[in-house]
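S.K.: let me see the structure of the following:
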Amino acid sequence: MLFSSRTCCFLSIYLMALSLCALAEGTKTWEQSKFDDLIRGTPHGVAICSSGGLELAPSFTALYTTPSSYIWSVATDQQGNVFAAAGSPARVYRISPDGKSSVIFEPQELQVQSIAVSKSGDIYAATNPDGKVYKIHRTESAASTKASGASSSAWSASVYFDPQTKYIWNLLLDDEGNLFVATGDHGQIFRVTPRGEHSIFFQSDEPHIRVLALDPKNNLIAGTDGSGLIYRISPKGDAFVLYSAPKKEITALAIDKQGNIYAAGVGEKRGGSPNSLTAPQTPPSPGASASAPSGSSTSSTPSTSTTPPVSFSSPTTGSEIYRIASDGSPTRMWNSHDDLVYALSFDAKGTLLAGTGNRGHIFAINGKDDYTDLLIASANQVTAFASAPDGSLYASSSNLGKVFTLGAHPAAEGSYDSDVFDAHIFSRWGRAYYRSAGKVELYARSGNVDNPDRNWSAWEKVDAQKQGQLVIPPARFVQWRAVLLSGGIAPRLESVTLNYLSKNVAPEIDDISVQPATRYLPIPKLSDAGAPGGHIDVPPTTTHDRDSIGVKWSAHDDNDDQMVYSVYYRGDGEQRWLLLKDDLSDKFYSFDASLLPDDGYTIKIVASDAPSHSPGEALSAEKESARFEVDTTPPRIDDLAATSKGSKLHVTFRATDGFSVIKRAEYSVDAGPWQFVEPVGEISDAKTESYDFRIVPSSDPSDTPTPVVKNNDSSAPEHVVVVRVYDRYDNMVSAKTIVRGGQ
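M.R.: Have a look, this model is predicted:
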């Protein structure tokens, strides 16, 4: 960790009271302290710790912006000049520590992928595709040329080594001047001696050797693309697989002084061929995220594409960093679903740094799952690191192709703007409190649109001498800014809390549903802790019950206040609302239907936020339901009569209902099946209907009697005739009569 929180002596400033003398129940707070909260804000020279809190980041300045879209590799000479291998267009740039630059090499290939600088100052540059290694050196005529004014005419280049392979991914010089060349698509490592003699140093069964590093014992460490293998290769060329990573591609390596190996892996392993690398056909435009898997086509056919193979993996795959200890044991140190690691290095204090895309972040890896979101480059990908004077580092980027200087010490000042907080309602802002160490200043501003650039209030400093009172206008939105200043104690901000009181607004009832013949079953009360408004809505369990009426409603409160409800009813033509039930916390209620005589009714729901406010401060709202009818009384059957004339029965009766129309009538003879019968006039649409029909009883109960209209002879056996009638609300009444022979 660049700045250990354990060594800080925190100053605690608690400014916790509101402008009211005590915290009312309606007072709310907005607190930010966790990484997931703080990462939503905008840091400027401020680092965000995974454990929460803000601290000053190292100084980070742009040294030079190249005309190229991509910088893949950087290396430095003993004078602190940085050499950048670039693509689109393919060039090697020489940039002095004061930011002056020149182009020293422009190959015919599509990009310069890797670069290395020897102790004597010779430059080795590898190109892609159909890779070659070029040796670049100063010409004699350039001896008097100033370093800051060097031009391409002062440098000459020639092919130093042609491995006859598709891609060259990485170059590495050892202390004896041997150049190791990592290639694809045959997974070979070549060694080229200072005399130019070359040989295959190692042959892998992986398609690509992506990165190289040397450990303290001069073993070559190599990472592959295909199965995500990490090899340790002795100076004699004997290889041993140290680790098979869960990811398919090793994109970066770094080795500390103790011999611990750090490796970054990206891409998901899938079934089938492990060497399916693809290249985009058009390069990502500046400022756009590259999304193609790393590498390029595995075909050995010479490339006809005009676009360099771009080694940007899909951002959906995520990446991981592993630590392989000197005893060989592996540990996953860090992972991210959003950031892909392209480069690893160590700062002057020995902290591991990870350059990532496609958001351009640099992370400091302090320990297992302990990290700091250190810096954000003004480019999409941070692709490489190289040592710089005074313990600093050079960092290169792609989209856009830039070189930055990352300082060895914290910046003198940094600031952080929080994300915009939406209180949802016009609110008064009370006091702020924050916990910090060192010199930290807090500011706040407010507005009524979600974009702070659209006429918000000015930034106002939170004055500890005034107990942290926020002197900003009441509004719906708020934002805070922290300024960290270097001093005797390293500044650090642990947490910020703003207190506010939203203007109380009345609840709103959205909808009311009345359901006759419905009863809601009681629901066990759950804990209200943590629920907005202090109550958890649980859908009611419904059962059919003809003797009940169910009322259900939906309501909300923009203050998230806890609400209570009252249920009233009123009959047609009545003026007074009568209370059915009050002090309800659930949004449903069922009651005995017999409480309401047959008639038309309206339900009214009254919602109040009284549980969340002092007496006299509560607000309420009410809403009426659509009119509904209650009819629990069955119809009446009058004048039921039946006569027999031979084998025919003549049945007459009258059905009457006091409230609703008659829906239908049925009859049964001698316990036979029920048979629908139409009223006189055929249409059933009145409260009173008359029925007159003739039927022929059957001796077989399974046969359905058939109504007839013709007379027959009068001799007939005894029969039982039953009729039943339903009103529109399915209330039913039945009656019977006996027809004896001769009647």
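S.K.: quick one, strands of the stretch 201-350 of the chain?
M.R.: Per DSSP state E, counting those that start in this stretch, the stretch 201-350 of the chain carries strands over the ranges 208-214, 220-225, 229-233, 239-244, 247-255, 261-268, 319-324, 330-336, 340-346.
S.K.: mean neighbour count, mean pLDDT and distance to L501 added to these, as CSV?
M.R.: For every residue, glycine as well, the C-beta is placed using N, CA and C. Shown next, in CSV, are the strands of the stretch 201-350 of the chain (neighbours: other Cβ atoms under 10 Å; pLDDT from 0 to 100; distance: least, Cβ to Cβ, whole Å):
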stretch, mean neighbour count, mean pLDDT, distance to L501
strand 208-214, 24, 97, 57
strand 220-225, 28, 97, 57
strand 229-233, 21, 97, 58
strand 239-244, 16, 97, 57
strand 247-255, 26, 97, 50
strand 261-268, 25, 95, 49
strand 319-324, 22, 97, 45
strand 330-336, 17, 96, 39
strand 340-346, 25, 97, 45
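S.K.: make a markdown table out of these and add distance to L498.
M.R.: Formatted as a markdown table, these follow (distance: least, Cβ to Cβ, whole Å):
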| stretch | distance to L498 |
| --- | --- |
| strand 208-214 | 47 |
| strand 220-225 | 47 |
| strand 229-233 | 48 |
| strand 239-244 | 47 |
| strand 247-255 | 41 |
| strand 261-268 | 39 |
| strand 319-324 | 36 |
| strand 330-336 | 30 |
| strand 340-346 | 36 |
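S.K.: V538: which of those strands is closest?
M.R.: V538 lies closest, by Cβ to Cβ, to one member of those: strand 330-336, at 37.9 Å.
S.K.: quick one: strands adjacent to the closest one?
M.R.: strand 319-324 (antiparallel) (DSSP bridges).
S.K.: any idea of the angle the partner strand forms with strand 261-268?
M.R.: Inter-element angle recorded for strand 319-324 and strand 261-268: 150 degrees (by axes from the mean of the first three to the mean of the last three Cα atoms, to 10 degrees).
S.K.: angle of strand 319-324 against strand 229-233?
M.R.: Going by the same axes, to 10 degrees, strand 319-324 makes 30 degrees with strand 229-233.
S.K.: so how far is strand 319-324 from its chain's centroid?
M.R.: Distance of strand 319-324 from the chain centroid (Cα atoms, centre = their mean, to the nearest Å) equals 24 Å.
S.K.: quick one on the thing from earlier: D422: which of the strands of the stretch 201-350 of the chain is closest?
M.R.: Among these, strand 330-336 comes nearest to D422, with 27.7 Å by Cβ to Cβ.
S.K.: which residues sit against the closest one?
M.R.: By Cβ atoms under 8 Å, 6 or more residues apart in numbering, the residues outside strand 330-336 that reach it are 242-243, 262, 318-325, 352, 354, 356, 363, 365, 367-369, 371.
S.K.: again, only using 7 Å
M.R.: 243, 318-324, 365, 368-369, 371 (Cβ atoms under 7 Å, 6 or more residues apart in numbering).
S.K.: which single one of those residues is nearest to A621?
M.R.: Distance to A621, by Cβ to Cβ, is smallest for G318 among the contacts of strand 330-336, at 48.4 Å.
S.K.: burial measure for that closest one, as a count.
M.R.: Other residues near G318 number 19, with proximity taken as other Cβ atoms under 10 Å.
S.K.: select, out of the strands of the stretch 201-350 of the chain, the one closest to R576.
M.R.: Ranking those by their distance to R576 (criterion: Cβ to Cβ) puts strand 330-336 first, at 66.3 Å.
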